[in-house]
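S.K.: pasting a predicted model and its sequence here:
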Amino acid sequence: MPVYQETSHPLGTIELWPMDLQKDITAVYSWVTQPYASYWGMTEKLLTAVALEYSNIISSDHAMAFIGKVNGITSFLCEVYDPAYDLIGSHYEVATGDVGMHILIAPADKKIPGFTWWIFSAVMDFLFQNPTHQRVIVEPDVRNEKIHRLNRRAGFVYEKEVQLPHKTAALAICTRTQFQLTKKKLTCYEST
């Protein structure tokens, strides 16, 4: 069963499923090793190393990996984690209700205008459907301009740059209210 399903989404039906390592690792490996996914830091890794990393996430009590499907087609990856148990948690004051998120879209067979934004906003909807989640935390590489544009569009406020062992990260936070207000404005704008 999916942990999230929206059947009336502008893209059709969007679902999030817990990652099944045996079934999903081949697709995920093919995404994270492509040049466009360089900020995931796995482009040079072997399948066994990527599988081990996701095995660790799946078995963790503080992180989860989900496979996103659009109209039944495997289309994106979402990682969710508790910042209090992540390295980023030592660089800001973690609050009750904080949830961390990473998202990676599969390479497109054909371009659909706004596809990445629609997926990003669906993931935010998924996170905020949990009443305990009050803020979403992200820490993308400072050089990743594409994700910065999406984050700002969703209402994230950039707090500071943080030096992590594998990157200089841009710490950004989006509250439930910020996302709802931003989404409402965008919906009003797009419907006019």
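M.R.: Perfect, I can see it now.
S.K.: roughly how far apart are the residue nearest in space to the middle of the chain and residue 43?
M.R.: With distances taken as Cα atoms, centre = their mean, residue 103 lies nearest the centre of the chain, 2.6 Å away. Between residue 103 and residue 43 the distance is 17 Å, computed by Cβ to Cβ, to the nearest Å. Using the backbone N, CA and C atoms, a C-beta is placed for each residue, glycine as well.
S.K.: which helix or strand contains residue 16?
M.R.: Take DSSP states H and E as the rule and residue 16 turns out to sit in strand 12-18.
S.K.: gap between the two ends of stretch 86-104?
M.R.: 19 Å (Cα to Cα, to the nearest Å).
S.K.: which residues touch that stretch?
M.R.: 31-32, 37, 40, 62-63, 76-84, 119-120, 123, 127, 130, 132-139, 159-160, 162, 164-165, 169, 171 (Cβ atoms under 8 Å, 6 or more residues apart in numbering).
S.K.: same check, this time on stretch 175-183
M.R.: 121, 124, 128, 133, 134, 135, 136, 153, 154, 155, 156, 157.
S.K.: show me where this structure has its strands.
M.R.: 4-9, 12-18, 63-70, 73-81, 98-105, 135-138, 157-164, 167-175 (DSSP state E).
S.K.: ok, the third one: who's next to it in the sheet?
M.R.: Here strand 63-70 is paired, per DSSP bridges, with strand 12-18 (antiparallel), strand 73-81 (antiparallel).
S.K.: report the angle between the last one and strand 98-105.
M.R.: Spelled out, it's strand 73-81. For strand 73-81 against strand 98-105, the angle by axes from the mean of the first three to the mean of the last three Cα atoms, to 10 degrees is 150 degrees.
S.K.: please apply the same query to the first one.
M.R.: Taking the same axes, to 10 degrees, strand 12-18 and strand 98-105 form an angle of 120 degrees between their directions.
S.K.: buried residues, strand 12-18. List them.
M.R.: If you call a residue buried by 16 or more other Cβ atoms under 10 Å, then strand 12-18 has these buried ones: 14, 15, 16, 17.
S.K.: what angle sits between that strand and strand 4-9?
M.R.: Orientation note: strand 12-18 sits at an angle of 170 degrees relative to strand 4-9 (the same axes, to 10 degrees).
S.K.: now strand 12-18 - C-alpha only, CSV.
M.R.: This file holds the C-alpha atoms of strand 12-18, laid out as CSV (Å, rounded to 0.1, in the frame of the first residue of the first chain):
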residue,chain,number,x,y,z
GLY,A,12,-2.9,12.4,-12.5
THR,A,13,-2.3,9.9,-9.6
ILE,A,14,0.7,10.5,-7.4
GLU,A,15,1.8,7.8,-4.9
LEU,A,16,4.6,7.4,-2.5
TRP,A,17,5.7,3.8,-1.6
PRO,A,18,8.2,2.6,0.9
